[in-house]
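Chemist: need a 3D model of the sequence below.
(2 chains)
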Amino acid sequence: MTIPQPLPCVDVVRQLWDYLDGESDPATWEAIKAHLATCGGCQAHVDFCRSFLAQVSAVPMDPQAVAAMRARIERSLGATGTD
Amino acid sequence: MTDGFERDLLAYLPDVMRFAGSLERDPDAAADLVQDTYLHGIRGRASYDPARPLRPWLFTICRNLFLRRRDRARLFVEVEDDATLEVLANMQLHNDVRATGISDPFLRMDFGPALDRAMAALADPYRIVFALVDVGEHSYREAAEALGLPIGTIRSRLFRARRELQAALIEHARDAGILNHHSQGGTA
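Modeler: Sure, this is the predicted structure:
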């Protein structure tokens, strides 16, 4: 049985985006998860990056800009037809 | 005015606007891209498979229109990324933030406008990969296929894009008084 070697912090940071994006292979994902369970510094770093990604995906659009764009699209559909 | 299919498409208008605005630096070009995306989507409804979700289908139309009118040579430009330096810069950035005692600076700022300014300052090869993956929800492989780049290039450009955006947002937080300046320095 092969005992996995613990990852150093620098390797965790190198691969943390893959980990957060779900792009890690299963063995690496498990190794990072095991490292995070015992390393508060890396866990804080992952939380920081996860917060960044969550904010990026939650940026709202201005409702007035959306309404104006919708009106523009509907005008262009009316002008050109959709067939 | 609009039928059911058009209404369904228009429900995703804020998402498509956000995606187009992240791909195109110029707001007028982004608005043109959104309009063209919808015209292509509505006229091309015959190519839509109702079993598949609409949102990624719209994102794909938007991305393809953007890339078609783009000088693709600029996307394939060779850029030097030192992976080790990037990792160390990323660690330093986070250490600087931790030293302030504030763990969630992104929640304390007007994030959207600050992100838009930071994205506008990113070089195209980095900004477009960030736009595809983080706004357009492409996998690394989908982004690589769309841009015709190796997946390792997508990975390294995304790493640098996110690090530069985080650094710009942290600088914004310092300027806004959200973070103190005592630990500033040492980050590129």
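
Chemist: list the buried ones in stretch A:26-35?
Modeler: Neighbour counts over stretch A:26-35 (16 or more other C-beta atoms under 10 Å in any protein chain shown) mark A:28, A:31, A:32, A:35 as buried. Bear in mind the C-beta positions are built from the backbone N, C-alpha and C, glycine included.

Chemist: okay, these in a markdown table with pLDDT, secondary structure and distance to residue B:34 next?
Modeler: Shown next, in a markdown table, are these (pLDDT from 0 to 100; DSSP: H, G, I helix; E, B strand; the rest coil; distance: C-beta to C-beta, whole Å):
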| residue | pLDDT | secondary structure | distance to residue B:34 |
| --- | --- | --- | --- |
| A:28 | 93 | helix | 38 |
| A:31 | 94 | helix | 42 |
| A:32 | 95 | helix | 38 |
| A:35 | 95 | helix | 43 |
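
Chemist: which of those lies closest to residue B:143?
Modeler: residue A:28 (19.9 Å; C-beta to C-beta).

Chemist: skip the chain neighbours and tell me the closest residue to the residue nearest to the spatial centre of chain A.
Modeler: For chain A, the residue sitting closest to the mean C-alpha position, by C-alpha atoms, centre = their mean, is residue A:53 at 4.5 Å. Leaving aside its sequence neighbours, residue A:53 sits nearest to residue A:20 (C-beta to C-beta, 6 or more residues apart in numbering or on different chains; 6.3 Å).

Chemist: what's near enough to touch that neighbour?
Modeler: Going by C-beta atoms under 8 Å, 6 or more residues apart in numbering or on different chains, residue A:20 touches A:46, A:49, A:50, A:53.

Chemist: what of residue B:82?
Modeler: Contacts of residue B:82 (C-beta under 8 Å, 6+ apart): none.
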